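*Asks:* structure for the following, please:
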Amino acid sequence: MGIRLEGPKLGWARKNGGEGGSHPSNIHDSGYAFGTVNINGDTPVILTNEGPDMGGYLCLCTVASAELWKLGQLRPGNTLQFKRISYTDSIKLYSAVEDYFTPGSNSAALSSFLQIPVYEDSPHDPKLHVIPAEMDSKRPKVVFREAGDSAILVEYGDLILDFELRARIHAFETELQRRDVPGIWTTSPCIRSTMVRYNPLAISQTDLLEALVSVENLLPASMQDMTFPGRKIIFPIVLDDRWNRDALERYSRSIRDEAVYLPSNIEYLARNNGLSGGAEEALTLLVNTEWLVFGVGFYLACPFLIPIDPRCRLVGQKMNPSRTYTPRGALGIAGLVAAIYPIESPGGYQLFGRTLSPWQTWGRGTNFNPEQPWLLFPFDQLKFKVITEDEYIEVEKQFDSGRYNFEASPDS
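*Replies:* Numbering: from 1, shown residues only. A predicted model of the protein is given here:
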């Protein structure tokens, strides 16, 4: 999933991540390019095969596609150094690798592949194009950023949570999919951005940028009149459960034993949001609102949720460093965003409860199938129903055997 790096302590140009969290590495979320260097708190991580495709930490740079094979040779204790190159030189390397592996390639292709290139440091502005905000309408500023040699990040507006921006991203992706632009692999819609991944040998960065700008210019200034299909779904939840407490105890024993969010993530959320009622008030707020699915991604269709009632929005930083273990179905908060962990995994969100996973590996049950083993989509709405730990154990057994049926009804 990723390669953790250790090196000189990073310096930061800002004190915190604003709404994204209290550490400067924190953001609401963003798509991740393959091979990107993700700054997880103060820890750089190179995201590799089967790594997350989106998340809530900023990305510093991205390894050239032609050089990704070198990451597979790394072992603990090895050292590496990054060398900044231009997009043009990166594509030259990419083409040389493709030529080498093309059946019937000649000796010239072999020579080009084996030659060690020498490039000068190539600083450049990663902003490929900027559409300024329109002061007399609701059309936001849009920035198209280079994200390595095979992705473009499309960012909307300011670094704040805005339902209209998320609706605009959905409208943007809908029109982009309708056009069926050749060479696009995938997109990763987030709160205020989407990552467009593409094959640079099938479509040039220039041509793709032109297509993306054309799609954005076609959209109306305001999203007020647009509607999106969704569902209302009931999820059972155990609050302040023993499984999440166990994950925090493991973290305290093996990673870090002192932090503002220890020993209780819930007590931390209460203090951080000035709640006089402590953990009990925090948990009451979190279950007294419906939640909107803003995005589905990261890994195994992990849903990112926002409380619809603004009075129930709590803010918390991401753990630094992250946990190495999080139970399946754990619910946590980072910034203003909550997530349901689909499987046991590392994670950095502040945990407050456990529910059923929105992922069913074998597609068992009426809500899943083998071709679509995930439950949630953007603009679905969730409501949590509090249950006991004993009740959770029973519904988890039903879920694993494919006998659990989520209560769901259509909505928009």
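*Asks:* can you show me the helices along this structure?
*Replies:* Shown for the chain, the helices assigned by DSSP state H span residues 87-100, 107-114, 163-179, 205-218, 242-254, 265-272, 278-287, 389-400.
*Asks:* looking at the ones you listed, which is buried most?
*Replies:* helix 265-272 (a mean of 21; mean count of other C-beta atoms under 10 Å). For every residue, glycine as well, the C-beta is placed using N, CA and C.
*Asks:* what's it packed up against?
*Replies:* helix 278-287, strand 350-355 (3 or more C-beta pairs under 8 Å, 6 or more residues apart in numbering; DSSP states H and E).
*Asks:* could these go into a markdown table alongside distance to Thr88 and mean pLDDT?
*Replies:* What follows is the helices and strands packed on helix 265-272, written out as a markdown table (distance: least, C-beta to C-beta, whole Å; pLDDT from 0 to 100):
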| stretch | distance to Thr88 | mean pLDDT |
| --- | --- | --- |
| helix 278-287 | 49 | 97 |
| strand 350-355 | 43 | 98 |
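*Asks:* TSV for those, including distance to Leu375?
*Replies:* TSV is the format used below for the helices and strands packed on helix 265-272 (distance: least, C-beta to C-beta, whole Å):
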stretch	distance to Leu375
helix 278-287	19
strand 350-355	11
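*Asks:* do I have it right that Leu292 meets Phe377?
*Replies:* No. Applying C-beta atoms under 8 Å, one finds Leu292 not in contact with Phe377, separated by 11.5 Å.
*Asks:* one step back: nearest to Leu60, out of the helices and strands packed on helix 265-272?
*Replies:* Of all the helices and strands packed on helix 265-272, strand 350-355 sits nearest to Leu60, with 24.4 Å by C-beta to C-beta.
*Asks:* which of the helices and strands packed on helix 265-272 sits closest to Asp158?
*Replies:* Per C-beta to C-beta, nearest to Asp158 of the helices and strands packed on helix 265-272: strand 350-355, 24.2 Å.
*Asks:* walk me through which strands that closest one pairs with, and which way each runs.
*Replies:* With DSSP bridges as the test, strand 350-355 is paired with strand 230-239 (antiparallel), strand 330-334 (antiparallel).
*Asks:* in the longest one, what's buried?
*Replies:* When you say that, I think you mean strand 230-239. For strand 230-239, the neighbour count (16 or more other C-beta atoms under 10 Å) marks Gly230, Arg231, Ile233, Phe235, Pro236, Ile237, Val238, Leu239 as buried.
*Asks:* who touches it?
*Replies:* Contact with strand 230-239 is made by 283, 286-287, 290, 293, 331, 340, 352-356, 375-389, 391-392, 395, 406-412, as judged by C-beta atoms under 8 Å, 6 or more residues apart in numbering.
*Asks:* before we move on, the earlier item: any chance of TSV for the strands paired with strand 350-355, columns distance to Tyr198?
*Replies:* Listed next are the strands paired with strand 350-355 as TSV, based on distance: least, C-beta to C-beta, whole Å:
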stretch	distance to Tyr198
strand 230-239	29
strand 330-334	29
